[in-house]
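# here is the input, now give the coordinates:
(2 chains)
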Amino acid sequence: MNGGGYAVDAPVGRSLAQVLREDIGLTGTKLACGEGHCGACTVLVDGVPTLSCITLVHTVGEREVTTIEGLRDHPLVAAFVRADAVQCGFCTPGQIVSASALVEANPEPSKDEIRHAMAGNLCRCGTYPKIEEAISMVTETRSSSSRGALASKADVQPRPSQDA
Amino acid sequence: MARLIKTEKEVEGRYTEQWIVIEEDALDQWPEGPLNVVGQSVPRIDGLQRARGQAPYTADIQLPGMLHAAVLRSPHARARVEKLDLRTALAAPGVRAAIGPDDLEQLTDEPSYPGHPVAAVAADTFAQAQAALTQIELEWEVLEPLLDPDEAVRRGSTVSETDTYERGDYERGLAAADVVVEAEYRTQVVLHNSLETHQSICHWENDGLTVYISTQYIWGVRDAIAEKLELPPDKVRVVCEAMGGGFGSKNGPGDYTFIGAELARRTGRPVKCALTRREENQATGNRNATIQRLTAGARSDGTLTALGGDFVNAVGWTGWSPSTEGPMQLLYACENMRTVNHGAKLNSPPNAAFRAPGFVEGTFGLECLLDELAAKLDIDPLELRRRNYADSDRMDDRPFSSKNLAECYRRAEPHWERRDEVRARSEGPWKRGVGLASQVWYGGGGPPSYAWLRVGADGRAQVVTAMQDIGTGSRTAMAQIAAEELGLPVDRIEVSLGDSSRGPFASISAGSSTIPSMGPAVRAAAADAKRQILEIAAQRFHLEERVLDLKNGDIVSSDGGSWPLEEITGLLEDAQILGKGARGPNPTGMRVLTFGVQVAEVAVDTETGEVVVDKIVAIHDVGRVINSLGASSQVEGGIIQGIGHTLSENRILDPETGAVLTQTLDAYKLPTIADVPEIVTDLVDVPDPHLTNLGSKGLGEPPIIPTAAAIANAIRDATGADVRSLPITREEMLRALREAAERERHGAPAAV
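Numbers count the residues shown, from 1 in each chain, chains lettered A, B, ... in the order given. Down below sits the predicted model:
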């Protein structure tokens, strides 16, 4: 995990989030709903955003886990602060973990691709516009000319607001 | 000199009279407009800590030997506990204590809402505590709940006396009207859903109780616990270094803290009582539902002759009846008025303050009614609002300390004038339109509030005050204010907050009051320290104090001399310069309010009822802006919560049993990043000349207030349909469209 290794003695049924927070003491991963609905507990497992609150630790095996603690010097962290994409901050680590997977997979996401990738991370304070801005700061957001390519993606439905 | 006065104190629109010791505010306001640090865009000084997951939330604190509590809550809206046996739970693995209704006032054997606490256990792990709850032997007698607010008012089941307000002659005003509109508006129950659930850790130590808690009011929690547990207040230490959102729901200690304190007392160990999301959405408060039966009368020129409203707040089992009628009383210059406020007591979870309680709901009703009136009068809605502009508070003829709503309207014009262009972009079933709504709210803060400031030999300053930053960026705002006064860059300021034993009394962070209450105290403390620095510098450099000032980290003299601040503070060694500041009084005989207007652009699919908000322009007058970046975040956050309130959020009860059906975040629909429109923030940024040494008011609440009405009015502009019930689901949208089509067929007038 985060480039190192931990040996943890965990009973069957223990979640990855519990092990991270309670056994190892890495509390940057937050628990806000505990049932996989809000995204606050997002970590990367082999680079894929994963809800650690509903991931049993025994299913992780030898795969590489990256938490916010492993991303402390990621350019997104500074960008989130500069854009003010942090209010109460409770969802922010999960947002940054999700965003890091997005920019890794897609170095030039469009606005709609950002929204699609980040829609699973809830923020009650409403930092969403600033999150878009922060992600755009570390990527080169595609211009509106890329819309044609986007529309061909079946899983992103452009809304009428984007046609304006 | 300190002065003892009796004064009116306002929080969230609730006024109380109390004695208060105040210190005069001796500082002149800074000149208008952005300064060196204040008014600039400053990233949060604790942003990196929060973004990296290093901020210590209550949820992250683990004390040695700490136990975890779980609470058995009533699944029934109304029931009686026939039998309760804790013995098997006590014998369950890991359990250290179990308590029931006989042990603690906060536990009940006659639960009166779903989620009412009945029993609790403390165990080594939370999983063990939860497992033990299932071992409690329990038999219920389930009783029929009272759930209908109108029925409750009819039966006299209310949380307070019916509150009637009248001015002028309402009946005569109605008789004088050329046009009268009547409409019934309904708003739903909305849940706060702060991402950090309500929780605290209680630890009996040092002959007293230490409470780590996610709270908006460290001092309120301290005093409430001290009173209930009969402890001297200084024996209760309350700590909240970082907290994950409150929105009004975390102003007090809550049942869970008393449960934790009792379990900690019995076990001699620290006890964490943290609510699950499902408990959170039953038992930590909500924005209550409302029914608003409204009437407006106007002459043909648009002058309002009468406004009336019968407001039913569906409060819940306990709580208070918010002033849903407040916007009607304050927003327009209508001479004749009658409002009636009923607070229905129901077998549903108690309400709690939620970002401008009452005013969000009341503004939806009032500002939709105004647009229905404008349609009937065939007057431009913005013009109708200008014709009824209030120049003073019509409730008691007090002048406003400042009001720049006319300037907000002026700035709204270019956005409002886009209506024809926006409507012309309607295509097929998608109809487009523009709507606006005004806003009035409190947000002036008040005394008492205190801050200390210390400067050490290294020329860095630390603000010390036991306030809390609930995520709004108030820590950064205080650093900016101190930096501005001391002529220091903001990175030379630390702000120590979040601990009642490490700093003086500080304001509640609710009612948009943190900056207007705390900011002036911080500036006064910095000014006190600055005065002392200049006294010492004058002696060291053999100059008169009046020729010296602090600028950009230097001591400067009027004849061009300049010395780094450290040259003076460096003489201090272990000595420190200690400044002390207090919040001065509010202006006497004046009403301090915030104002604004928002313009919404929407698209409605008239075939499916889908509503998409394309853009919201928010123009607000909240006095001087301290941090333009943080201010835009507050506006965006308020609007996004407003969009949830308008379109998707709804706590649903089982109509038969009263059970909360929307306990999880897949059932309760919060806005996501994909639901956010373009948001334009435009703040008037003119200091209130009568309010404190800053002239700043609060901004946390104003942006949510007019959002629902602006969207609903834009929907009317797009489709001609009157939506009158929140949330505007597809069913409600299609109902309103059908009603409008029906009306058109029968040639009925635009409003009743």
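# what about the residue nearest the centre of chain A, which SS state?
Centroid-nearest residue in chain A: residue A:98, 1.5 Å away (criterion: Cα atoms, centre = their mean). Under the three-state scheme (DSSP: H, G, I helix; E, B strand; the rest coil), residue A:98 adopts helix.
# tell me who's in contact with the closest residue to residue B:725 other than its chain neighbours.
If the residues on either side of it in the chain are set aside, residue B:725 comes closest to residue B:186, at 4.4 Å by Cβ to Cβ, 6 or more residues apart in numbering or on different chains. Just so you know, the C-beta spots here come from the backbone N, C-alpha and C atoms, and that holds for glycine as well. Shown in contact with residue B:186 (Cβ atoms under 8 Å, 6 or more residues apart in numbering or on different chains): B:289-292, B:724-726.
# correct me if wrong, but residue B:186 is in a strand.
Yes: counting by three-state DSSP, residue B:186 is located in a strand.
# if I look at it, how far off is chain A?
According to Cβ to the nearest Cβ, to the nearest Å, residue B:186 and chain A sit 24 Å apart.
# which parts of stretch B:234-250 are buried?
If you call a residue buried by 16 or more other Cβ atoms under 10 Å in any protein chain shown, then stretch B:234-250 has these buried ones: B:236-250.
# where does pLDDT dip in the stretch 51-200 of chain B?
In the predicted model, the stretch 51-200 of chain B carries no residue with pLDDT under 70.
# residue numbers of it in contact with chain A?
B:51-55, B:57, B:59-60, B:62, B:192-197 (Cβ under 8 Å from any Cβ of the partner chain).
# from these, which is closest to residue A:67?
Nearest to residue A:67, judged by Cβ to Cβ, of those is residue B:53 at 7.8 Å.
# helix or strand for the residue in chain A positioned nearest to chain B, which one?
Proximity to chain B, evaluated over chain A using Cβ to the nearest Cβ, is greatest for residue A:28 at 2.2 Å. Under DSSP states H and E, no helix or strand contains residue A:28.
# and it, how many neighbours does it have?
24 (other Cβ atoms under 10 Å in any protein chain shown).
# mind listing what the nearest residue to it once chain neighbours are set aside touches?
In this structure, residue A:28 finds its nearest non-sequential neighbour in residue B:53, 2.2 Å apart by Cβ to Cβ, 6+ apart. Applying Cβ under 8 Å, 6+ apart to residue B:53 gives the contacts A:26-30, A:67-69, A:92-93.
# nearest to residue B:692, of these?
Nearest member of the contacts of residue B:53 to residue B:692, counting by Cβ to Cβ, is residue A:92, at 32.2 Å.
# helices or strands up against the strand or helix carrying residue B:517?
Per DSSP H and E, residue B:517 falls inside helix B:514-541. Here helix B:514-541 touches strand B:450-455, strand B:461-464, helix B:474-486, strand B:548-551, strand B:554-557, helix B:565-569, strand B:577-582, going by 3 or more Cβ pairs under 8 Å, 6 or more residues apart in numbering or on different chains; DSSP states H and E.
# these: which one's closest to residue B:531?
strand B:577-582 (8.0 Å).
# the residue lying closest to residue B:458 once chain neighbours are set aside: neighbouring residues, count only.
Spatial nearest neighbour of residue B:458, chain neighbours left out: residue B:566 (6.6 Å); criterion: Cβ to Cβ, 6+ apart. By the measure other Cβ under 10 Å, the count of residues near residue B:566 is 17.
# and what of residue B:742?
Residue B:742 has 10 nearby residues by other Cβ under 10 Å.
# show me what contacts the residue of chain A closest to chain B?
By Cβ under 8 Å, 6+ apart, residue A:28 lies in contact with A:67-69, A:93, B:52-54.
# in strands, which of these appear?
Per DSSP state E, strands hold no members of the contacts of residue A:28.
# and of these, the nearest to residue B:161?
Of these, the one sitting nearest to residue B:161 (Cβ to Cβ) turns out to be residue A:93, at 48.1 Å.
# ok, so of the buried residues of stretch B:234-250, who is nearest chain A?
Closest to chain A, out of all of the buried residues of stretch B:234-250 and judged by Cβ to the nearest Cβ, is residue B:244, at 3.2 Å.
# what's the spacing between the closest residue to chain A within chain B and residue B:498?
Residue nearest to chain A within chain B: residue B:53 (2.2 Å; Cβ to the nearest Cβ). Distance, residue B:53 to residue B:498, by Cβ to Cβ, to the nearest Å: 18 Å.
# which residues of the stretch 51-200 of chain B fall in strands?
Along the stretch 51-200 of chain B, the stretches classed as strands by DSSP state E, counting those that start in this stretch are B:67-73, B:79-85, B:95-99, B:117-123, B:137-142, B:163-167, B:179-187, B:199-205.
# wait, what's in contact with the residue nearest to the centre of chain A?
Per Cβ under 8 Å, 6+ apart, neighbours of residue A:98: A:39, A:42, A:49, A:117-118, A:120-121.
# let's see if you can find the most crowded of these.
Going by other Cβ under 10 Å, residue A:42 tops the contacts of residue A:98 with 28 neighbours.
# beta partners for that one?
residue A:51 (DSSP bridges).
# need the contact list for it.
Contacts of residue A:42 by Cβ under 8 Å, 6+ apart are A:29, A:49-52, A:94-95, A:97-98, A:120-121.
# quick one: low-confidence residue ranges for chain A.
Those would be A:140-164, if you go by pLDDT under 70 across chain A.
# quick one: the helices in it, in order.
A:16-18, A:75-83, A:92-105, A:111-118, A:128-138, A:147-151, A:160-163 (DSSP state H).
# spell out which residues of the stretch 551-700 of chain B are next to chain A.
So far as Cβ under 8 Å from any Cβ goes, the stretch 551-700 of chain B lies against chain A at B:603, B:605, B:612-614, B:629-630, B:632-633, B:636-641, B:664-666, B:670-674, B:676-677, B:679.
# please name the residues that touch the closest residue to residue B:545 other than its chain neighbours.
The shortest distance from residue B:545 to any non-neighbouring residue, by Cβ to Cβ, 6+ apart, is to residue B:538 (4.4 Å). Taking Cβ under 8 Å, 6+ apart, we find residue B:538 in contact with B:544-545, B:548.
# rewinding a little: with distance to residue B:691 added, can I get the strands of the stretch 51-200 of chain B in a markdown table?
Putting the strands of the stretch 51-200 of chain B into a markdown table (distance: least, Cβ to Cβ, whole Å) gives the following:
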| stretch | distance to residue B:691 |
| --- | --- |
| strand B:67-73 | 43 |
| strand B:79-85 | 50 |
| strand B:95-99 | 48 |
| strand B:117-123 | 42 |
| strand B:137-142 | 54 |
| strand B:163-167 | 26 |
| strand B:179-187 | 31 |
| strand B:199-205 | 35 |
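# quickly compare those and say which is most buried.
strand B:117-123 (a mean of 27; mean count of other Cβ atoms under 10 Å in any protein chain shown).
# how far off centre is that one?
Taking Cα atoms, centre = their mean, to the nearest Å, the mean C-alpha location of strand B:117-123 is offset from the chain mean by 31 Å.
# partner strands of it, with direction?
strand B:67-73 (antiparallel), strand B:95-99 (antiparallel).
# what sits up against the first one?
With contact meaning Cβ under 8 Å, 6+ apart, strand B:67-73 is reached by B:96-97, B:111, B:114-126, B:128-130, B:132-133, B:136, B:138, B:255-256, B:259-260, B:263-264, B:267, B:269-275, B:279, B:282-283.
# try the last one
Counting contacts by Cβ under 8 Å, 6+ apart, the residues outside strand B:95-99 that touch it are B:67, B:86, B:89-90, B:107, B:119-124, B:128-129, B:132, B:136, B:259, B:262-263, B:266-267, B:269.
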